[in-house]
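**Student:** here's my sequence, what's the structure:
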Amino acid sequence: MKFTPEQVIEMAREAGFVVDELSRQHQPKCINHTNWMVDDLLAAICTLAADRALEAAAHASNAQIERWVDDRARYAASECAAAIRAMKEHQ
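**Tutor:** This is a model prediction of the structure:
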């Protein structure tokens, strides 16, 4: 999954980065952070990105359920979505 610069900036804010709005567009400057804090915050952004990518995959799997008439295929798609969401919980 590819994220837009705006989505990455939003995840950075959710993770606790202070993003300087006066910086050049698509290249936010993070301020007020020490190196160890940046490592923790980057790990938090990666976790958020993984969560969103897994949720998108689960959603795509659920969307397939509506397209298939075969009960076995629908069950497989449902199990796939549940397995993907379980992966999210175990990160």
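**Student:** so which elements touch the biggest helix by length in the chain?
**Tutor:** What stands out as the longest helix in the chain, according to DSSP state H, is helix 35-67. Other elements packing on helix 35-67 under the criterion 3 or more C-beta pairs under 8 Å, 6 or more residues apart in numbering; DSSP states H and E are helix 5-15, helix 71-89. In short, each C-beta sits where N, CA and C put it, glycine included.
**Student:** same question for stretch 11-27, mean pLDDT?
**Tutor:** Average pLDDT, stretch 11-27: 68.
**Student:** report the contact partners of Gly16.
**Tutor:** 41, 44 (C-beta atoms under 8 Å, 6 or more residues apart in numbering).
**Student:** please report the distance of Met11 from Trp68.
**Tutor:** Between Met11 and Trp68 the computed distance is 33 Å (C-beta to C-beta, to the nearest Å).
**Student:** between those two, which has more neighbouring residues?
**Tutor:** Met11 (19 against 13; other C-beta atoms under 10 Å).
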